[in-house]
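*Asks:* Fold the stuff below for me.
(one chain, ligands or ions: 1)
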Amino acid sequence: MLIKDVSLLHSGQLVSGRDILIEEGRIARVGRGLKDESGDEAIDGHGKLAIPGLINCHTHLAMTLLRGYADDMELMPWLQEKIWPLEARLTEEDIRWGVKLGCLEQIRHGITCYNDMYYHPDTTAQATREMGLRAFISGVVFDMKPELLGQVEPFIRRWKSDPLITPAVGPHAAYTCSEETLLKAKEIADRHNCMIHIHLSETRSEVDGFLLSKGMSPVEYLDSLGLLGPRLAAVHCVWLSPEDCFLLAERGANAVTCPVSNLKLTSGIAPLNVMLQAGVNVCLGTDGASSNNNLNLFQEMKVGAITQKNAYHTPAAFTADQIWGMATENARQAFRLDLGLHQGALADLSLIDLKKPWLCPQSNMVSHLVYSMSGGVDSTIVNGKVLMNGGIIPGEKEILERAQERFLHLTS
Ligand SMILES: [Zn+2]
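*Replies:* The predicted model follows:
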């Protein structure tokens with residue numbers, strides 16, 4: 001497949017008139033005047049910007065079905081009074097259409113890979129495969145449902161060799177999993193060399209609870225169990241001490257920040273500057289649409305950057321380039337994905353329509369992508385397969401209808 005006459009970002013500058021040749025799910029060449037022998041129809045890239053696919057580093061995609069169901073509440077009452085009782089009624093069919101709805105939305109926002117944690121990971125994986133996205137999918141584990149732990153390893157074995165789905169282990173949080181559960185989750189992850197996906201230090205009360213009961217922070221506690229390492233995606237990391245930041249950096253653990261969810265649930269503002277200065281690999285996620293309420297990393301970048309500026313009382317505190325780097329290079333490093341518009345990289349990318357008022361004048365394109373992007377993703381490609389072209393996603397109408405039906409059924 002050939003994308004003809006497209007623009008690219010090169011060291012932050014826009015360059016135009018390039019072709020991208022895709023063969024067998026990878027980028028075979030990027031250059032001028034390329035020829036495609038495959039016989040596939042070429043994609044017209046004129047007036048469009050190609051960017052590598054974005055990775056949504058934390059979400060619960062099935063919860064897209066719960067968008068708008070419970071707003072304006074703090075984390076614990078939100079979970080205990082609204083989310084957990086409804087989740088207890090979720091069927092696999094609800095999860096299937098919630099996941100497909102979430103995939104649809106992510107394709108529209110140029111997200112080509114996501115990192116998920118939820119129940120029924122097989123259903124999530126199957127629905128994701130049908131939608132064509134790449135994903136890291138964790139079977140969630142916590143003590144209230146002890147049977148979940150035993151289901152993780154068979155799930156990993158079933159999906160280990162899939163080209164698009166990478167299975168992982170998802171102990172929900174240090175406050176919902178016992179020491180024994182956390183150690184078993186680590187053992188499984190070590191045995192299969194897979195990632196551990198956990199919520200960490202999201203609220204002040206979580207951290208206070210650990211300091212009182214164990215005399216250490218949740219970060220120190222996970223370290224005492226040997227969980228901090230390069231295969232860890234620690235999500236939220238809002239209430240970290242400088243010592244916690246240095247510990248995460250020293251162990252090579254990845255932190256995932258979800259600024260919109262943290263602000264909406266008033267959980268707090270993560271110390272991104274301190275984390276970056278300490279050398280933590282920080283990347284970006286949306287969290288579930290039930291606490292965000294969308295799956296849009298462009299919006300996440302803007303909110304993340306401007307919140308930091310306010311937290312540190314200076315506009316210089318966080319730049320567009322810094323947050324763009326977190327959303328792109330840092331995410332690729334965390335998930336070890338060879339993404340980018342270079343020869344040999346995975347052919348996961350999207351095309352953005354440059355003829356939108358919010359991208360004009362074409363000056364500082366990274367700034368536009370972070371601060372002014374308001375839609376306009378025209379095409380999304382994953383593993384060399386076109387999932388959206390010219391804004392059209394096959395099957396979109398059915399997914400919207402089925403998701404609406406499932407929501408009405410669930411809440412009736
Ligand atoms: Zn979450």
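
*Asks:* what's the closest residue in space to residue 9 that isn't next to it in sequence in contact with, if anything?
*Replies:* The shortest distance from residue 9 to any non-neighbouring residue, by CB to CB, 6 or more residues apart in numbering, is to residue 365 (5.9 Å). Quick note: C-beta positions are derived from backbone N, CA and C, even for glycine. Applying CB atoms under 8 Å, 6 or more residues apart in numbering to residue 365 gives the contacts 9, 12, 13, 14, 49, 359.

*Asks:* so what's the third one up against?
*Replies:* To tie it back to what came earlier, the one meant is residue 13. With CB under 8 Å, 6+ apart, residue 13 has these contacts: residue 365.

*Asks:* now the fifth one
*Replies:* If you count contacts by CB under 8 Å, 6+ apart, residue 49 has them with 6, 7, 8, 9, 14, 351, 352, 354, 365.

*Asks:* how does it look with 7 Å?
*Replies:* 7, 351, 352, 354 (CB atoms under 7 Å, 6 or more residues apart in numbering).

*Asks:* Out of these, which comes closest to residue 223?
*Replies:* residue 352 (40.7 Å; CB to CB).

*Asks:* how much space between the closest residue to the closest one other than its chain neighbours and residue 328?
*Replies:* Excluding the flanking residues, the one nearest residue 352 by CB to CB, 6+ apart is residue 49, at 4.6 Å. Per CB to CB, to the nearest Å, residue 49 is found 14 Å from residue 328.

*Asks:* ditto for residue 154
*Replies:* As judged by CB to CB, residue 154 and residue 328 stand 34 Å apart.

*Asks:* and these two? which has more neighbours close in?
*Replies:* residue 328 (24 against 11; other CB atoms under 10 Å).

*Asks:* Look up the pLDDT of that one for me, please.
*Replies:* The model reports residue 328 with a pLDDT of 96.

*Asks:* And the closest residue to it other than its chain neighbours, its phi and psi?
*Replies:* Excluding the flanking residues, the one nearest residue 328 by CB to CB, 6+ apart is residue 52, at 6.5 Å. Taking degrees, to the nearest 10, you get phi -60, psi 150 for the backbone angles of residue 52.

*Asks:* shouldn't residue 52 be in contact with residue 337?
*Replies:* No - with contacts counted by CB atoms under 7 Å, residue 52 stays clear of residue 337, the gap being 9.4 Å.

*Asks:* More neighbours: those two, which one.
*Replies:* Legend: neighbour count by other CB under 10 Å for residue 52 and residue 337, higher for residue 52 (26 against 20).

*Asks:* Is that one bridged to anything, and to what?
*Replies:* In this entry, residue 52 is beta-bridged to residue 349, by DSSP bridges.

*Asks:* and it, what does it touch?
*Replies:* Contact analysis of residue 52 by CB under 7 Å, 6+ apart lists 328, 339, 340, 341, 348, 349.

*Asks:* distance of it from residue 12?
*Replies:* As judged by CB to CB, residue 52 and residue 12 stand 14 Å apart.

*Asks:* same check, this time on residue 196
*Replies:* Residue 196 sits 34 Å away from residue 12, going by CB to CB.

*Asks:* Same check on residue 186?
*Replies:* For residue 186, the distance to residue 12 equals 40 Å [CB to CB].

*Asks:* swap in residue 255?
*Replies:* Distance from residue 255 to residue 12, by CB to CB: 25 Å.

*Asks:* Kindly report the same for residue 198.
*Replies:* 34 Å.

*Asks:* swap in residue 182?
*Replies:* From residue 182 to residue 12 the distance is 42 Å (CB to CB).

*Asks:* In terms of neighbours, single out the busier of the two.
*Replies:* Each of residue 182 and residue 12 has its neighbours counted (other CB under 10 Å); residue 182 has more, 21 against 12.

*Asks:* so who does the more buried one touch?
*Replies:* Residue 182 neighbours (CB under 7 Å, 6+ apart): 171, 174, 225, 227.

*Asks:* The third one against residue 183, yeah?
*Replies:* Yes - using CB under 7 Å, residue 225 and residue 183 qualify as a contacting pair, with a distance of 6.0 Å.

*Asks:* ok, residue 220 - contacts?
*Replies:* residue 247.

*Asks:* before we move on, which element is it in?
*Replies:* helix 218-224 (DSSP states H and E).

*Asks:* and the gap between the residue nearest the centre of the chain and residue 133?
*Replies:* For the chain, the residue nearest the mean C-alpha position is residue 56 (1.6 Å; CA atoms, centre = their mean). Separation of residue 56 from residue 133 (CB to CB): 10 Å.

*Asks:* Report the set of residues contacting both of those two.
*Replies:* 106, 114.

*Asks:* Remind me which helix or strand residue 27 belongs to.
*Replies:* Using DSSP H and E, residue 27 sits within strand 26-31.

*Asks:* which other helices and strands contact that strand?
*Replies:* strand 13-23 (3 or more CB pairs under 7 Å, 6 or more residues apart in numbering; DSSP states H and E).

*Asks:* Give the pairing partners of the strand it packs on; include direction for each.
*Replies:* Partners of strand 13-23 in its sheet, by DSSP bridges: strand 2-10 (antiparallel), strand 26-31 (antiparallel).

*Asks:* I'd guess the residue nearest to residue 352 is in a helix, am I close?
*Replies:* No - counting by DSSP: H, G, I helix; E, B strand; the rest coil, residue 49 falls outside a helix, being strand.

*Asks:* per-residue pLDDT, it?
*Replies:* Predicted confidence (pLDDT) for residue 49: 98.

*Asks:* what about residue 306, how many neighbours?
*Replies:* 17.

*Asks:* Which strands or helices does the helix or strand hosting it pack on?
*Replies:* Element membership of residue 306, judged by DSSP H and E, is helix 297-311. Counting contacts by 3+ CB pairs under 7 Å, 6+ apart, helix 297-311 is packed against helix 259-264, strand 281-284, helix 320-325.
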